[in-house]
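Engineer: kindly generate the corresponding structure for this input.
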Amino acid sequence: MKDDQLFHIYPKKGFSSKEEVLAFLGRKSQQLVGISVTEFKNQLLKREKQGSIEIAPGVLLPHFESASFTQSKVFVLSLKSEVEDWNQEIHKTKLVIVILLKAEEEKAIKQEIAAFTRKLADDNFLDELMN
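Structural biologist: Take a look at the predicted model:
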């Protein structure tokens with residue numbers, strides 16, 4: 001079954017570790033874009049090694065593009081309590097926004113994602129997403 005919804009919001013989830021967050025998002029990725037949990041986690045960790053994914057204190061924006069995605073998705077996951085140590089550089093994570101972009105995506109979808117990412121520069125918008 002195809003889910004045409006671009007944005008998936010998961011408010012106030014009770015995870016206490018990076019592994020729990022990645023397992024949850026991996027399962028959602030498997031259901032919605034057709035990649036395995038392992039591939040999702042590997043791609044996300046690979047992205048982290050390329051550079052910081054923290055866009056504001058406590059806000060992560062991992063993103064990657066793949067030809068293996070069946071469709072593009074944006075996951076917005078706010079956490080009930082902070083994940084203390086995401087990695088050596090990132091602490092007290094409160095919001096995780098994952099952008100999974102299907103290779104050669106339609107222009108309209110890319111524009112919608114771009115408009116959303118521009119809003120992330122607004123602290124009030126980030127607060128709204130966290131709460």
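Engineer: who touches the closest residue to residue 54 other than its chain neighbours in this structure?
Structural biologist: Nearest residue to residue 54 in three dimensions, chain neighbours excluded: residue 90, at 5.0 Å (Cβ to Cβ, 6 or more residues apart in numbering). The way it works is simple: take the backbone N, C-alpha and C, and place the C-beta from them, glycine included. The contact partners of residue 90, by Cβ atoms under 8 Å, 6 or more residues apart in numbering, come to 52-54, 60.
Engineer: what of residue 64?
Structural biologist: Residues near residue 64 by Cβ under 8 Å, 6+ apart: 43-44, 46-47, 99-101.
Engineer: try 10 Å this time
Structural biologist: 40, 43-44, 46-47, 50, 98-101 (Cβ atoms under 10 Å, 6 or more residues apart in numbering).
Engineer: could you do residue 69 as well?
Structural biologist: With Cβ under 10 Å, 6+ apart as the criterion, the residues that contact residue 69 are 29, 32-35, 100-103, 105.
Engineer: how about residue 75?
Structural biologist: For residue 75, the contacting residues are 7-10, 24-25, 28-29, 32-33, 62, 96-100, by Cβ under 10 Å, 6+ apart.
Engineer: what is the burial count for the nearest residue to it once chain neighbours are set aside?
Structural biologist: Nearest residue to residue 75 in three dimensions, chain neighbours excluded: residue 98, at 4.3 Å (Cβ to Cβ, 6+ apart). Residue crowding around residue 98 was assessed by other Cβ atoms under 10 Å; the count is 24.
Engineer: circling back: restricted to helices, list the contacts of residue 90.
Structural biologist: Using DSSP state H, no member of the contacts of residue 90 falls within helices.
Engineer: between those, which is nearest residue 110?
Structural biologist: When these are compared for distance to residue 110, the smallest value, 20.0 Å, is given by residue 53; criterion: Cβ to Cβ.
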